[in-house]
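J.: Predicted model follows, preceded by the sequence.
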Amino acid sequence: MTNTNTNTASTSTRAQIRALACEGHEAGDAAMVAICDLALGGDVDALREVGRVLAASAQSRHDDE
């Protein structure tokens, strides 16, 4: 069984990373957009950071339920 509430560098999809980049762009967060661009290019450190951000976001949504 897969835990859908946890994102890591290995489970973050390109679609999730693109969505995060769009959110960053809309919020004026150039650093997040840059990290997402690096992650989409395969940068391991950027993938870890994106995974951390996505996991925190998923946890926050879960806590709000």
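T.: Looks like it came in fine. Fair warning: this is a prediction, and the values are worked out from it, not measured in the lab.
J.: Residue 56 and residue 29, how far apart?
T.: Distance check for residue 56 against residue 29: by CB to CB, to the nearest Å, it reads 14 Å. Any C-beta I mention is one placed from the backbone N, CA and C, and that applies to glycine too.
J.: Please say which of the two ends up with more neighbours.
T.: Between residue 56 and residue 29, counting by other CB atoms under 10 Å, residue 29 is the more crowded of the two (15 against 11).
J.: distance of residue 44 from residue 50?
T.: Between residue 44 and residue 50 the computed distance is 11 Å (CB to CB).
J.: more crowded one of those two?
T.: A direct count of neighbours by other CB under 10 Å for residue 44 and residue 50 places residue 50 higher, at 25 against 10.
J.: Look up the pLDDT of the closest residue to that one other than its chain neighbours for me, please.
T.: Nearest-residue entry for residue 50: residue 39, 4.4 Å, with adjacent residues in sequence omitted and distances by CB to CB, 6 or more residues apart in numbering. Residue 39 carries a pLDDT score of 96 in this model.
J.: okay but residue 39 is in contact with residue 46, surely?
T.: Yes - under the criterion of CB atoms under 8 Å, residue 39 is in contact with residue 46, at a separation of 4.0 Å.
J.: Please enumerate the helices of the chain.
T.: 14-26, 30-40, 44-64 (DSSP state H).
J.: just these: most buried one?
T.: Greatest average neighbour count among the helices of the chain goes to helix 30-40 (a mean of 17), per mean count of other CB atoms under 10 Å.
J.: who touches that helix?
T.: Defining contact as CB atoms under 8 Å, 6 or more residues apart in numbering, one finds that helix 30-40 is touched by 12, 14, 17-18, 20-21, 23-25, 45-47, 49-50, 53.
J.: how does it look with 6 Å?
T.: Residues external to helix 30-40 that are found in contact with it (CB atoms under 6 Å, 6 or more residues apart in numbering): 17, 20-21, 24-25, 46-47, 49-50.
J.: Take the residues you listed and write them to CSV, including pLDDT.
T.: Listed next are the contacts of helix 30-40 as CSV, based on pLDDT from 0 to 100:
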residue, pLDDT
17, 96
20, 96
21, 97
24, 96
25, 97
46, 96
47, 94
49, 95
50, 95
